[in-house]
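**Q** below is the structure, and that's it, no one-letter string:
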């Protein structure tokens, strides 16, 4: 996923397309929409594999948007989410009905080709619109999905019983291919056999292309001569080509959206989230016989997660923390209780985490999750995913209760983790909502030292008022000297 755009969510009228790079820094004044944008990632994740009435589970343990009425921007009637997942750009429009909110519009764009589904509040597809041509395919209906972001699509197949039908999942493009086949037959004036017409359709293929590429594919079919003589004169503006192109795209429209649905689901399943209010350290924890696959958003189960690691994983975590922080975590088990301590790797001094300062307990969930995401062995064992999956690590206020020098060190860790993830074939994207000047300056310094690429950073400045482009977000960029262009003077000043 290369970018995301949000409209009409809380105070956000329109963020514009915000590029998603390995490190994404969200800055701005309080109540400017940073958290609303960032929390969309755990919001979409928490609705997966959940029995819900609408497309989004607005309230859960991780994030709470209330419901659609409290989430939508005041005075607006829809929330729009747009995702750039090459080669497609997909826009989802969510509205409210008397009973529940629902997705009423899904639009997919590929270059100069557009697929649009218009869905009513009964979960039925009223129209499939291909490049502004309307196809009334009321045989298609939807069902809210418990496992995916978008609804699942089905086709109504009539049964012998009067007015009865069964629903069949859209899995093959041939289900909506009749329009294309009939149009090909009409182009050749019904002079070719049904088998020949089917062969022409098969040779055109079912891969989505832009209009120029689609025309080239059509013209490559030189036999039968009757067909080739007609299409060889076509241009992309020819009326017959436009009609056939639209019907070819119609035949693959639903499988395309199904594939996009699977990709979006995979992306958001890979979200790890750490909220701004994290658990304080306790002197002892009750041991629980739970196999933990992840650390929760507040870090409450951090001691149990660490204690549940096998010996090899504990050594890996220890070596990783010593490399970047000169300390490591140690768990002791006694009498049904777990104690978690911080060990200075230089002096060997051991201190219970509850006595180590509030900042340490606040940063520990972040540190351990970073290690988990970059440890091949632990990642596979804990998540069951392939290690080359895309992961989004979403953190609110990573600098919480940290000295500026430690904040700068944390920025160095973010950079190192991104590099390590690339080495391990993990596409890791860090999304950080922060007020830390130290984190931003340290990243700029590493860019000036050529230790990090400016192309791997997005800096998004959220504003309470719309900018000249009528957006809530202005993008700033680091130059080769590590300085921010398009950055307001005195942004971090008190006055």
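**A** That came in fine, so what should we check first? On a predicted model such as this, the values are computed, not experimentally measured, just so you know.
**Q** CA atoms for contacts and neighbours, from now on please.
**A** OK.
**Q** so who does residue 318 touch?
**A** The contact partners of residue 318, taken as CA atoms under 8 Å, 6 or more residues apart in numbering, are 328-329.
**Q** roughly how far apart are it and residue 136?
**A** 61 Å (CA to CA, to the nearest Å).
**Q** residues near residue 238, how many?
**A** Residue 238 sits with 11 neighbouring residues when counted by other CA atoms under 10 Å.
**Q** for residue 405, that is, sorry about that
**A** Neighbours around residue 405, by other CA under 10 Å: 11.
**Q** you'd agree it is in a strand?
**A** No. Read with DSSP: H, G, I helix; E, B strand; the rest coil, residue 405 is helix and lies in no strand.
**Q** quick check: the closest residue in space to it that isn't next to it in sequence vs residue 115, distance?
**A** Counting by CA to CA, 6 or more residues apart in numbering, residue 405 lies nearest to residue 438, which is 7.5 Å off, once chain neighbours are set aside. According to CA to CA, residue 438 and residue 115 sit 45 Å apart.
**Q** show me which of these two is the more surrounded one.
**A** Using other CA under 10 Å as the criterion, residue 438 and residue 115 rank with residue 115 on top: 24 against 19.
**Q** for that one, helix, strand, or coil?
**A** strand.
**Q** so what pLDDT did it get?
**A** pLDDT, residue 115: 96.
**Q** pretty sure it sits against residue 91.
**A** No. Using CA atoms under 8 Å as the test, residue 115 is too far from residue 91 to be in contact (10.5 Å).
**Q** overlap in contacts, the two.
**A** In contact with both residue 115 and residue 91: 107-108, using CA under 8 Å, 6+ apart.
**Q** lowest-pLDDT helix or strand in the protein?
**A** The least trusted helix or strand in the chain, going by mean pLDDT, DSSP states H and E, turns out to be helix 376-383, with a mean of 54.
**Q** and the next helix or strand after that one, what does it pack against?
**A** In the C-terminal direction, the helix or strand that comes right after helix 376-383 (DSSP states H and E) is strand 390-396. With contacts defined as 3 or more CA pairs under 8 Å, 6 or more residues apart in numbering; DSSP states H and E, the packing partners of strand 390-396 are helix 34-38, helix 239-269, strand 271-274, strand 427-433.
**Q** which parts of the stretch 101-250 of the chain are helices?
**A** For the stretch 101-250 of the chain, helices defined by DSSP state H, counting those that start in this stretch occupy the ranges 178-187, 194-204, 211-219, 225-231, 239-269.
**Q** scratch that, the stretch 351-495 of the chain
**A** Using DSSP H, counting those that start in this stretch, helices in the stretch 351-495 of the chain cover 358-374, 376-383, 404-423, 437-448.
**Q** now render the helices and strands packed on strand 390-396 as JSON lines, adding mean pLDDT.
**A** Listed next are the helices and strands packed on strand 390-396 as JSON lines, based on pLDDT from 0 to 100:
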{"stretch": "helix 34-38", "mean pLDDT": "95"}
{"stretch": "helix 239-269", "mean pLDDT": "92"}
{"stretch": "strand 271-274", "mean pLDDT": "91"}
{"stretch": "strand 427-433", "mean pLDDT": "94"}
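**Q** which one of the ones you listed lies closest to residue 363?
**A** For the helices and strands packed on strand 390-396, proximity to residue 363 was assessed by CA to CA; strand 271-274 is nearest, at 10.0 Å.
**Q** which intervals of the stretch 351-495 of the chain have sub-threshold pLDDT?
**A** The model of the stretch 351-495 of the chain has pLDDT under 70 over residues 376-388, 489-490, 493-495.
**Q** go again with 50.
**A** The stretch 351-495 of the chain contains residues with pLDDT under 50 at 385, 387-388.
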